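Asks: Below are the sequence and a predicted model; questions follow.
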Amino acid sequence: MCKKMTANYVEVLGTRRIGWQLWDGQQMQGMTDVQIRNYIRGGGVVNGLKLEENGAVVPDPEWCHADTEAGVVILEKSGVNTFSPLDPDANLVAAKSFTLVKVERRGKELTYYFLTNRWAVEAMQEDKVRAILTLMPMGGVWLEGKRLAVHPQVEVVDVEQPTAEG
């Protein structure tokens, strides 16, 4: 299995990109464009980012199926708790982003775990995910008609339900 991280946000100083904050499944890690480029070229995956042919690190529009109206979900942080969309045309209704990091399946019930730009992991049921998606894009999940579609790089885990012993 390949090494995988998820992009949370990018830190900037004025108009200069300082580095990306990434989630490795347990903790955050800061990486520069050069480190991310080397990581991806070495076989690692960074959900939410991709490399262009010239080696530039850019947000991956496929991560949230962003169209020209929605934009990408990655925010930039330019100060203490100062977040704004990296894409100035993004259709984000708040300075909060949600990036899917895991889905747990218990029978027919699904629980979606999102990393926010405030470093919280929030668990949501399908109805709440649908409601947010009607307002703004989310990383790693989108609506396909009436169905929620999950990006293939997101971990989906089957959780066994405890059985009643009699």
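Replies: Thanks, I have it.

Asks: And the helices in the chain?
Replies: 33-41, 126-135 (DSSP state H).

Asks: which stretch among those helices comes nearest residue 104?
Replies: helix 126-135 (12.0 Å; Cβ to Cβ). For every residue, glycine as well, the C-beta is placed using N, CA and C.

Asks: can you list contacts of that closest one?
Replies: With Cβ atoms under 8 Å, 6 or more residues apart in numbering as the test, helix 126-135 has contacts from 93, 98, 110, 112, 124, 138, 141, 142, 143, 148.

Asks: again with stretch 21-39
Replies: Here stretch 21-39 makes contact (Cβ under 8 Å, 6+ apart) with 3-11, 17-20, 46, 49, 51, 55-57, 77, 99, 101, 115, 119.

Asks: Geometrically speaking, which residue is the centre of the chain?
Replies: residue 99 (2.9 Å; Cα atoms, centre = their mean).

Asks: That residue: what's it in contact with?
Replies: 6-8, 23, 47-48, 73, 114-116, 138-140.

Asks: about what we covered before: now which of the contacts of helix 126-135 would you call buried?
Replies: 98, 110, 112, 124, 138, 141, 142, 148 (16 or more other Cβ atoms under 10 Å).
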